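1. From the sequence below, what's the structure:
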Amino acid sequence: EVTLRVTNREQVLASMADKLDDLYILGQPPEDIDVVATPFMENPLVVLAPPDHPLAGKKRITLKRLAQERWLMREAGSGTRIAIEKLFASRGIELRPRLELGSNEAIKQAILSGLGISALSIHTLALDQAGQFAVLDAEGFPIQRHWYVVHPAARQPSLVARAFLDFLLKQDGGPA
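-> As a prediction, this is how the structure comes out:
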């Protein structure tokens, strides 16, 4: 029996620490838990805005300029948020989110409503119409990341989990 739960990073790490599941999919493997992490797909983060945003079409927008915008972010502890904050902090720039939202879809709807901009995986646009969002040409973006399939190092994946892992690795020509 296969069960899939979609949750945030914090909850995934808690489940992983308690060894509750066979496999986990994360954008950034944990550093403080002994795991085997296998990259299986690229996951670039891009800055999204509504198509009529003043920065749409501009070239090489600086992080300092982006920080002046109203940012819509995932909750604290989210892998996406950690990656974005790390980029801004590496340049000594503080990023103050205007809204924290619990899902990528909620962020996309808020962007389209003109509430602000955000950075999300390019894959979140897969089902959207072309031109529905502007992908901004921003310094430091896309943030190049990967999706990883992870399991506790002390535990071999079950036969079903191994079959799923093999399936994932064959989908994109193997590990990234």
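2. Wasn't His151 part of a strand?
-> Yes: the assignment for His151 is a strand, going by DSSP: H, G, I helix; E, B strand; the rest coil.
3. start at 890 instead
-> Sure, I'll start counting at 890 from here, so that last one is His1040.
4. who's it bridged to?
-> Val925 (DSSP bridges).
5. Relative to Gln917, how far out is Ala1050?
-> Distance from Ala1050 to Gln917, counting by Cβ to Cβ, to the nearest Å: 21 Å. Heads up, the C-betas are built off the backbone N, CA and C, glycines and all.
6. Name the residue most distant from the centre of this structure?
-> For the chain, the largest distance from the centre (Cα atoms, centre = their mean) belongs to Leu1048, which lies 28.4 Å off.
7. backbone phi and psi for His942, please?
-> Here is the backbone geometry of His942 (degrees, to the nearest 10): phi -60, psi 140.
8. That one: neighbour count?
-> 18 (other Cβ atoms under 10 Å).
9. Would you mind listing the residues in contact with the nearest residue to it once chain neighbours are set aside?
-> Nearest residue to His942, sequence neighbours excluded (Cβ to Cβ, 6 or more residues apart in numbering): Ala1023, at 5.7 Å. The neighbourhood of Ala1023, defined by Cβ atoms under 8 Å, 6 or more residues apart in numbering, consists of 937-940, 942, 944-946.
10. Model confidence score at Gly1062, please.
-> Gly1062 carries a pLDDT score of 50 in this model.
11. To clarify, my last question referred to Asp921.
-> According to the prediction, Asp921 has pLDDT 85.
12. Could you count how many residues lie near it?
-> Counted with other Cβ under 10 Å, Asp921 comes out at 7.
13. before we move on, what about Arg1044?
-> 12.
14. and what of Gln1018?
-> Gln1018: 7 neighbours (other Cβ under 10 Å).
15. The residue lying closest to Lys948 once chain neighbours are set aside: how many residues sit nearby?
-> Take Lys948 and drop its neighbours on the chain: the residue closest to it by Cβ to Cβ, 6+ apart is Asp1026, 5.2 Å away. Counted with other Cβ under 10 Å, the neighbours of Asp1026 add up to 15.
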